[in-house]
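*Asks:* Need coordinates for the following:
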Amino acid sequence: MSEKKKRRAAVDHRVCASCGECAETCPRLAITVERGMYAVVDAGRCIGCGACAAVCPASAITMEAAS
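*Replies:* This is a model prediction of the structure:
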């Protein structure tokens with residue numbers, strides 16, 4: 001039986017447009033936009049669903065293996 005690997009969202013701050021779409025979409029409210037600069041993911045709340053990455057207009061969010 002294969003084990004499903006946990007994922008979490010990771011934000012590339014260099015390309016994040018700080019639009020807030022990801023924060024509005026996150027079902028666990030795991031993302032905030034810090035001082036209008038870039039999105040920040042609370043790894044403890046992120047469930048790795050990928051909803052944020054799907055709506056990011058700048059493609060700044062990727063899903064990575066949780067450590």
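
*Asks:* for the chain, what spans make up the strands?
*Replies:* 7-11, 31-34, 38-41, 61-65 (DSSP state E).

*Asks:* Relative to residue 24, which of those strands is closest?
*Replies:* Evaluated over the strands of the chain, closeness to residue 24 peaks at strand 31-34, with 8.9 Å, by CB to CB. (Glycine included, C-beta is placed from N, CA and C.)

*Asks:* tell me which residues in the lowest-mean-pLDDT helix or strand in the chain are buried?
*Replies:* Scoring the helices and strands of the chain by mean pLDDT, DSSP states H and E places strand 31-34 at the bottom, with a mean of 94. Residues of strand 31-34 classed as buried: 31, 33 (neighbour count, 16 or more other CB atoms under 10 Å).

*Asks:* on that earlier part again, closest to residue 17 out of the strands of the chain?
*Replies:* strand 38-41 (8.6 Å).

*Asks:* Dump the strands of the chain to a markdown table, plus distance to residue 48.
*Replies:* Output for those, formatted as a markdown table (distance: least, CB to CB, whole Å):
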| stretch | distance to residue 48 |
| --- | --- |
| strand 7-11 | 4 |
| strand 31-34 | 13 |
| strand 38-41 | 10 |
| strand 61-65 | 6 |
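
*Asks:* still on that earlier bit, how far is the least confident helix or strand of the chain from where the chain is centred?
*Replies:* 10 Å (CA atoms, centre = their mean, to the nearest Å).

*Asks:* Partner strands of it and their direction?
*Replies:* strand 38-41 (antiparallel) (DSSP bridges).
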